[in-house]
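Colleague: structure of the sequence below:
(one chain, ligands or ions: 1)
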Amino acid sequence: MEFTEQDKALLLKIQEADVNLLAFIRGRGWRPLSIDELEKFVQNRAQFEADENGVSLEQFQKWLDFEYGDRCCISTTRKGTPCKGYVRPCHDPHSFVEGVTNCCTSHTSHGLTYERKSA
Ligand SMILES: [Zn+2]
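Modeller: As a prediction, this is how the structure comes out:
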C-alpha cells in the first residue's frame, strides 16, 4: 500500500504536532518511525524488520516462524515421529541457526540426524 499525497499530508500534520508514530520491530522492540519509514513498514513489514535486524529476509522469516510459532524441536525421534521437545527461546534473529536453535538439547548436541534415546 503506497501512501497518497493526502495520507502524507495528514501524517505530516501529526508529526508536526509532536505525535510520534511507534512501531514494534520484532527482534528489536519499539522505535519511532518517520513518515517514509512508516510507508516502507506498511508495504512490507517483514522486509523492514529484517533490514532493521541486519539479517536477510529468509533468515528473519525462519527466526519468525520459530520464535512466534510452536517453538519446539524440529528433529525426529528414532520412530520417525516429530520430537517436539522443549527448545529455549531465541530473541535475536542474528543468533538463530536452523537445525541448532530450533532443536532440543538432545538433538542439538548430536546433530539433526541423532535419534533421541528417550524416544
Ligand atoms: Zn529433539
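
Colleague: tell me where the chain is predicted with low confidence.
Modeller: Flagging of the chain using pLDDT under 70 yields the residue ranges 110-119.

Colleague: which stretches of it form strands?
Modeller: For the chain, the strands defined by DSSP state E occupy 21-25, 29-33.

Colleague: pull out the buried residues from the first one.
Modeller: Residues of strand 21-25 classed as buried: A23, I25 (neighbour count, 16 or more other C-beta atoms under 10 Å). Just so you know, the C-beta spots here come from the backbone N, C-alpha and C atoms, and that holds for glycine as well.

Colleague: how near is the residue lying closest to M1 once chain neighbours are set aside to F3?
Modeller: In this structure, M1 finds its nearest non-sequential neighbour in V42, 5.7 Å apart by C-beta to C-beta, 6 or more residues apart in numbering. Remark: distance between V42 and F3 (C-beta to C-beta, to the nearest Å) = 8 Å.
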